[in-house]
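Asks: okay, predicted coordinates and the sequence, questions at the end:
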Amino acid sequence: MIKTSHKGIFYTVSKVTNKKTYYGRYTDNKGKQKKVNLGNSLTIAAKKFELIKKDSNIDIENHFSKKLDNAFSEMLFINAYNNYEKVEFKKWSEHEQVTKKSRFRKWILPVFGSKKIHKINYSDIQNFINYLDEQNSLGAIKCARKTQENIKSSIQSFFTFLKKEGLLKRDNPAQHVTIKPYDNHVPMTLTIEQITFFYKNIFDIDISNLENRKKRLMLILMIHGRRWGEAKNLCFSEIDFVKNNYIIPSHKSKDKKTHYHQMTNLLRNEFLEFKNLSKENDFIFINPKTNKPYETISKFFKKIKIDSNIPTSFRCQDFRHVVGTVARNSLGLPLEDIRDVLGHGSVKTTEIYSDKDSHNSKIVINKLFELFDL
């Protein structure tokens, strides 16, 4: 029997199912030592044991079932979430924990936190998702559809936890919630001449200032097909100067898979110089004002767009659309090669640019740079 953090409660682990069973040891009214099976949930086991210690003659199953039903009918979402966070978050990486906590606190808890669990139905969750998909006065939706999917998944995971705990005796209200399908094809309206001029201006940025040099290299990484988050969070420990490649680990990639990309000579030389200039921090792009990775370079990027006569609506994400569209439609490169450079989980995603390894990244980028005369 293994001790838990609750006094008097222990558990055993089944060699067959690998599941825990909790037991309570206590002294009854006659002074006899007794042991009672408290089930497979530590949360419920602790509540049962409190009842037993108050009255050792209680019919624990019937009494607790009624008490649980009454308690659950009044339980608020925020209270159940706090327990969910304590138990489930230990399964995830530190990065996932930060992301999921942020998702709950920014989107989910403000809407459902004060609601009673038993009163939250499918229609409440579906209406919430529908609201997130509404357009604002500028025609943009309140919340990106990928974020909508993540929010729906988080709510469903939360109710699944309640079911495991024995607190939910009905179907998961989020399981039938749907996200509106959408066409994620983004047309690339810039001409080759515009792109060439734009890219040259980025490569020609004055790098005598170290901070400008960092921001320039972040933009160059995005020209290489990296996402903003992948670029700003890149670490020296993810660069292999012997194999001449860098990785985007699974916890940083959108599809939760590790991606390997060979470095062009420019990237390799830049990374080597930054490594010599860096101190102890593993992150490459540290903002000296916060001592953390940059959260934005919008002012810096906006000036370059204006100087290059590029619409200011052009986003960092749009570099990826340039790579995909030009590589497919102007150079005729295989979708599989473009998939590798963009780090897509499936070639179906890459097909939006239609009108195998890490080596493909370098092939695609080199051909693009040849086209742009860089």
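Replies: Yes, it's here. Numbers count the residues shown, from 1 in each chain.
Asks: what residues of stretch 237-256 count as buried?
Replies: 238-239, 245-249, 252-253 (16 or more other CB atoms under 10 Å). Heads up, the C-betas are built off the backbone N, CA and C, glycines and all.
Asks: and what of stretch 168-176?
Replies: 168, 172-174.
Asks: now the two most distant members of the residues you listed.
Replies: Pairwise distances across the buried residues of stretch 168-176 peak at 11.1 Å for L168 and A174 (criterion: CB to CB).
Asks: what do those two both touch?
Replies: The overlap between the contact sets of L168 and A174 (CB atoms under 8 Å, 6 or more residues apart in numbering) consists of F159.
Asks: before we move on, back to that, of the buried residues of stretch 168-176, which is the nearest to P110?
Replies: A174 (17.1 Å).
Asks: leaving out chain neighbours, which residue sits closest to that closest one?
Replies: Q156 (3.8 Å; CB to CB, 6 or more residues apart in numbering).
Asks: K275 too?
Replies: Closest to K275 by CB to CB, 6+ apart is F236, at 5.7 Å.
Asks: number of residues surrounding the one you found?
Replies: Look at F236: counted by other CB atoms under 10 Å, it has 15 neighbours.
Asks: looking at it, it is touching D282, isn't it?
Replies: Yes. Judged on CB atoms under 8 Å, F236 makes contact with D282 at a distance of 5.6 Å.
Asks: what about the nearest residue to M1 once chain neighbours are set aside, distance to Y23?
Replies: Closest residue in space to M1, ignoring its immediate chain neighbours: F10 at 4.0 Å, by CB to CB, 6+ apart. Going from F10 to Y23 by CB to CB, to the nearest Å gives 5 Å.
Asks: intersection of neighbour lists for the two?
Replies: M1.
Asks: angles on the backbone of the residue nearest to K275, please.
Replies: Phi and psi for F236, reported as degrees, to the nearest 10, are phi -60, psi -30.
Asks: what's the per-residue pLDDT of D124 here?
Replies: pLDDT, D124: 96.
Asks: that one is in what secondary structure piece?
Replies: helix 122-132 (DSSP states H and E).
Asks: try L221
Replies: helix 210-223.
Asks: packing partners for the very next helix or strand once past that helix?
Replies: Beyond helix 210-223 on the C-terminal side, the first helix or strand identified by DSSP H and E is helix 228-232. Applying 3 or more CB pairs under 8 Å, 6 or more residues apart in numbering; DSSP states H and E, one finds that helix 228-232 contacts helix 210-223.
Asks: now the helix it packs on: buried residues?
Replies: 213-223.
Asks: and the helix holding L221, how far out from the chain's middle?
Replies: Relative to its chain's centre, helix 210-223 lies at 24 Å (CA atoms, centre = their mean, to the nearest Å).
Asks: which parts of this structure are strands?
Replies: For the chain, the strands defined by DSSP state E cover 2-3, 9-13, 20-27, 33-39, 239-240, 245-248, 259-262, 286-287, 292-293.
Asks: partner strands of the first one, parallel or antiparallel?
Replies: In the sheet containing strand 2-3, its partner strands are strand 9-13 (antiparallel), by DSSP bridges.
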